[in-house]
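Colleague: Take a look and give me a structure for this.
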Amino acid sequence: MSRFNDEWLASVIAPLLDEGVLERLRPEDTDPESLWERVIAEGLIPEAELLSALSARCRLPIADLDTATAEMRDTLPEALARRYGVIAVRVTESVLEIATANPFDLGAEQSLAFATGREVRMALASPPRIRERLDELYGVPVGEGVSKLIDGMHDFEITTIDDADDEDQDHELAAQEASSRPIVKLVDVLLADGITSRASDIHIESGEKSVTVRYRIDGVLRQAMTIPRKAGVPLISRIKIISGLDIADRLRPQDGRAGVAVNGQPVDLRISTLPATHGEKVVIRILNTQSTMLELPALGLFEDEQRTITDLLGNKEGVILCTGPTGSGKTTTLYACLRTIQAEGINIVTVEDPVEYKLGKNIVQVQVNERQGLTFAAALRSILRQDPDIVLVGEIRDIETAQIAVQASLTGHLVLSTLHTNDAPNTVTRLVDMGLEAFKIGAALRGVIAQRLMRRLCPNCRTKEDVATLPPRIRPFVPPDATLWRATGCTKCTQTGYRGRFSIVEILVITPEIERLVGGGAPAAQIARAGLAEGMLTLFQSGLRHVLEGHSSIDELLRVADVPSSAKAPKAPSITSSGQHQVPVASGTGVVAPPAPPSSPETLLEGLELVDEHEPPDVGEAATPPRATILLVEDEDSLRRVMRDLLEQEGYAICEARDGAEALEQVDRHAPDIVLLDLNLPNVDGYTVLAQLRSRPATRDLPVLVLSARGDEDNEVRVLRLGATDFLTKPFRPRALSARLEATLERLRAAE
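Modeller: As a prediction, this is how the structure comes out:
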């Protein structure tokens, strides 16, 4: 007779059922079913009664799944939670309490204890409620994405907007597959779901056995679904058909465009294909003109930043550049600039590739067409004969375009354009590398706006964060009394904790002093120091202002901007009596900022003084040095992350390795004070690493604390004979690990 996959439950349920019912419920085929779910589905026993009986039998409490929070969710990796069907309902420093439908799964208990470093305790919940809560906390599994999306297809009405004559489609087989009803419906669902999910891009990536679809939402890629490879190939062909690409040519990159309407709202699509190892990768850029507000205030800038940009746009001639990586919002910022100065008496002409948004009245937009010879340079030459006042060049890609743009600015035109650089001062270096003369750059350039996009915290679920828990490298920049927020996650932000984005900017205004430096060929570092002295805020400082105002989190700031690496940490931002934040300016030379002008008492940098380059730092301003450098060798990513955060909060500097070979390389590179070594490592195991360290003269006395899930006596004796300093069994207690590290450091200090 067939068995249930939760056969252990039969002895608990049997007394509650009529005679013969249990045998009737047993599955007829060989595939096991869940007895718990069969009983609940057929209404034989109320769920509450079944839980009460099981709780009394197993002497375990009934779990309250509503107590599971995003913080608890982050403690337990999604892969483990779904594999064992469990949810973290209570987490302390040493205990993890989980809701489970199988309290006899010892393998799950051991795996979770190992992964989290905590003692595992169990509470009971039904399988359907656990699955439902897992989907709420972690999102719907990608394997169910296609079916769920297709089920919801009736909510959307998708129509294609023809932008050109249909191409000749003689590739019968590919066209038939791509035009079949399921594939057409799948593409419609894919586009509709991406657009309604606020995605800026849809990535379709061909793998060996399947095709993965990911959405870029608020600048971060999220996996939406996986599609069988058999359906993925015609899916890509269908996308190429609607964008006018050659479906038979799969060996060359192609670019196309398409227009669709979702529930009557027009949306432009830019499609790019790229041949890869397992097939083509397709990226669809979504240009939704209805959801984009092209105004400076809508970018999320502070008033002083908006005022500086507006002052730059007041120039009648010169070049203003917006810089940053792809996807950092450069074009949107330039469009907002044009909207700011747009007027009936001004002739504005743009040359773009592609024309992303229609700017409307009094602005003429030109689409680059390289096949017809209409390049940026060729279009720019013709535009200058059209008597423009302001010219927008979509991107300066080559020396010819750069030269024409500079020449146009020197002959009485205001030129706006974009460039790919990391920050504002390095824009000058990039232009020189392209071949422009430094003296022409100094004469033409009026300002540079370097920018990034930060995600905005969801106002419905953000929670306060303690300054004391921040990583050591960021603490010197944050005042101890600051109010910080962190992402949590709710249904309104799809469990990410963020919704929407805003710009952080680094604005370099070309003053006479900076123009002299640029024209003289000064390096970027010297230009940066001069810019800081003139009041420029770096990207990090601009982002920090938003963090202190509660717009975003420290984690998001660290994702977007680099922490200044100056030897002297700047003073933490202080809060003025008016509630405004004063943000210091960090550079390799110290803290610099000019006094605010008397007419502007609300200026951010009011009261800061120029500090001499060689002035020694105050004792209270210097960043606290780490207690010691620890090499953490652990192949389990989640456990290594927990240990790293714990040790960083204790004041240690951490370097990491995922296997034995990498561990030996990190020892040579970083010369750590202590090694925390896991034994079960890929490639080269921990025993070999320990033997290698003890065989080298330079590392013979290096303290090595071994972590092992095997706590038997033989293993401990073997490790100690190989030369381990100490032995710790997983799962370990955080305070025990800290105490052993401190004892090891004390012995080192005594030996010295």
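Colleague: low-confidence ranges in the stretch 101-250 of the chain?
Modeller: Scanning the stretch 101-250 of the chain for pLDDT under 70 picks out 139-181.
Colleague: Which stretches in it count as strands?
Modeller: Along the stretch 101-250 of the chain, the segments classed as strands by DSSP state E, counting those that start in this stretch run 119-124, 158-161, 199-206, 210-217, 220-228.
Colleague: how about the ones you listed, which one is nearest Arg250?
Modeller: strand 199-206 (10.1 Å; Cβ to Cβ). Where C-beta positions appear, they are placed from N, C-alpha and C, glycine not excepted.
Colleague: For the strands of the stretch 101-250 of the chain, give me JSON lines that also has mean neighbour count and distance to Gly264.
Modeller: Output for the strands of the stretch 101-250 of the chain, formatted as JSON lines (neighbours: other Cβ atoms under 10 Å; distance: least, Cβ to Cβ, whole Å):
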{"stretch": "strand 119-124", "mean neighbour count": "18", "distance to Gly264": "49"}
{"stretch": "strand 158-161", "mean neighbour count": "14", "distance to Gly264": "8"}
{"stretch": "strand 199-206", "mean neighbour count": "20", "distance to Gly264": "19"}
{"stretch": "strand 210-217", "mean neighbour count": "21", "distance to Gly264": "22"}
{"stretch": "strand 220-228", "mean neighbour count": "17", "distance to Gly264": "24"}
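Colleague: Which one, of the ones you listed, ends up nearest to Ile320?
Modeller: With Cβ to Cβ as the criterion, Ile320 lies closest to strand 199-206 of these, at 24.7 Å.
Colleague: helices and strands around the closest one, which ones?
Modeller: The contact analysis (3 or more Cβ pairs under 8 Å, 6 or more residues apart in numbering; DSSP states H and E) places strand 199-206 against helix 181-196, strand 210-217, helix 229-242, strand 279-287.
Colleague: now for these, which one comes closest to Asn263?
Modeller: Proximity to Asn263 (Cβ to Cβ) singles out helix 181-196 among the helices and strands packed on strand 199-206, at 8.5 Å.
Colleague: okay, the angle between that closest one and strand 279-287?
Modeller: With axes from the mean of the first three to the mean of the last three Cα atoms, to 10 degrees applied, the angle from helix 181-196 to strand 279-287 works out at 50 degrees.
Colleague: could you say what helices and strands helix 181-196 packs with?
Modeller: Checked by 3+ Cβ pairs under 8 Å, 6+ apart, helix 181-196 has helix 145-151, strand 158-161, strand 199-206, strand 220-228, helix 229-242, strand 254-262, strand 279-287 packed alongside it.
Colleague: Can I get these in JSON lines including distance to Arg26?
Modeller: Shown next, in JSON lines, are the helices and strands packed on helix 181-196 (distance: least, Cβ to Cβ, whole Å):
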{"stretch": "helix 145-151", "distance to Arg26": "28"}
{"stretch": "strand 158-161", "distance to Arg26": "46"}
{"stretch": "strand 199-206", "distance to Arg26": "43"}
{"stretch": "strand 220-228", "distance to Arg26": "33"}
{"stretch": "helix 229-242", "distance to Arg26": "36"}
{"stretch": "strand 254-262", "distance to Arg26": "49"}
{"stretch": "strand 279-287", "distance to Arg26": "45"}
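Colleague: As CSV, could you dump the C-alpha coordinates of the helix or strand where Met72 lies?
Modeller: Using DSSP states H and E, Met72 falls within helix 70-75. Taking Å, rounded to 0.1, in the frame of the first residue of the first chain, the C-alpha atoms of helix 70-75 are listed here in CSV:
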residue,chain,number,x,y,z
ALA,A,70,11.6,40.8,7.2
GLU,A,71,14.5,40.9,9.7
MET,A,72,13.8,37.3,10.6
ARG,A,73,13.4,36.5,6.9
ASP,A,74,16.9,37.8,6.3
THR,A,75,18.3,35.5,9.0
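Colleague: after it, next one along is what?
Modeller: Heading C-terminal from helix 70-75, the first helix or strand you meet, by DSSP H and E, is helix 78-84.
Colleague: Check which helices and strands that following helix sits against.
Modeller: Short answer (3+ Cβ pairs under 8 Å, 6+ apart): helix 78-84 packs on strand 86-91, helix 106-116, helix 127-138.
Colleague: These: which one's closest to Asp701?
Modeller: helix 106-116 (30.3 Å).
Colleague: Buried residues of that closest one, list them for me.
Modeller: For helix 106-116, burial by neighbour count (16 or more other Cβ atoms under 10 Å) applies to 108-109, 112-116.
Colleague: quick one on the thing from earlier: format the helices and strands packed on helix 78-84 as TSV; extra columns: distance to Ile399.
Modeller: Formatted as TSV, the helices and strands packed on helix 78-84 follow (distance: least, Cβ to Cβ, whole Å):
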stretch	distance to Ile399
strand 86-91	58
helix 106-116	54
helix 127-138	50
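Colleague: looking at those, which is closest to Glu303?
Modeller: Closest of these to Glu303 is helix 127-138, at 39.0 Å (criterion: Cβ to Cβ).
Colleague: which residues are contacting the longest helix anywhere in the chain?
Modeller: Using DSSP state H, we find that the single longest helix of the chain is helix 734-751. Residues outside helix 734-751 that contact it (Cβ atoms under 8 Å, 6 or more residues apart in numbering): 93-94, 117, 627-628, 630, 643, 646-647, 650, 652, 673-674, 703, 705, 725-726, 728.
Colleague: Please repeat the previous calculation with a cut-off of 7 Å.
Modeller: With contact meaning Cβ atoms under 7 Å, 6 or more residues apart in numbering, helix 734-751 is reached by 93, 628, 646, 650, 674, 703, 705, 725-726, 728.
Colleague: Toward the C-terminus, what is the element adjacent to the worst-scoring helix or strand of the chain on mean pLDDT?
Modeller: Every helix and strand in the chain was compared by mean pLDDT, DSSP states H and E; the lowest is strand 590-591, with a mean of 34. Using DSSP H and E, the helix or strand that follows strand 590-591 towards the C-terminus is strand 629-633.
Colleague: how many degrees apart are that following strand and helix 734-751 in direction?
Modeller: Between strand 629-633 and helix 734-751, the angle comes out at 130 degrees (the same axes, to 10 degrees).
Colleague: Name the strands paired with strand 629-633 and say parallel or antiparallel.
Modeller: Sheet neighbours of strand 629-633, with direction, are listed as strand 653-657 (parallel), strand 674-678 (parallel) (DSSP bridges).
Colleague: Quick one: list the elements packing against the helix holding Met72.
Modeller: Applying 3 or more Cβ pairs under 7 Å, 6 or more residues apart in numbering; DSSP states H and E, one finds that helix 70-75 makes contact with strand 86-91.
Colleague: relative to strand 119-124, how tilted is the strand it packs on?
Modeller: Calculated by the same axes, to 10 degrees, strand 86-91 forms an angle of 110 degrees with strand 119-124.
Colleague: Just the CA trace of strand 86-91, in CSV.
Modeller: Extracted in CSV, the C-alpha atoms of strand 86-91 (Å, rounded to 0.1, in the frame of the first residue of the first chain):
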residue,chain,number,x,y,z
VAL,A,86,10.1,26.4,7.4
ILE,A,87,9.7,30.0,8.5
ALA,A,88,11.7,31.9,11.2
VAL,A,89,9.2,33.2,13.7
ARG,A,90,11.6,34.2,16.5
VAL,A,91,15.3,35.0,16.4
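Colleague: and whichever helix or strand comes after it, what other elements does it pack with?
Modeller: Downstream of strand 86-91, the next assigned helix or strand under DSSP H and E is strand 95-100. Applying 3+ Cβ pairs under 7 Å, 6+ apart, we find strand 95-100 packed against strand 86-91, helix 106-116, strand 119-124.
Colleague: let's see it at 8 Å
Modeller: Counting by 3+ Cβ pairs under 8 Å, 6+ apart, the packing neighbours recorded for strand 95-100 are strand 86-91, helix 106-116, strand 119-124, helix 127-138.
Colleague: Now distance to Gly543 too, for those, in JSON lines please.
Modeller: Shown next, in JSON lines, are those (distance: least, Cβ to Cβ, whole Å):
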{"stretch": "strand 86-91", "distance to Gly543": "30"}
{"stretch": "helix 106-116", "distance to Gly543": "32"}
{"stretch": "strand 119-124", "distance to Gly543": "39"}
{"stretch": "helix 127-138", "distance to Gly543": "28"}
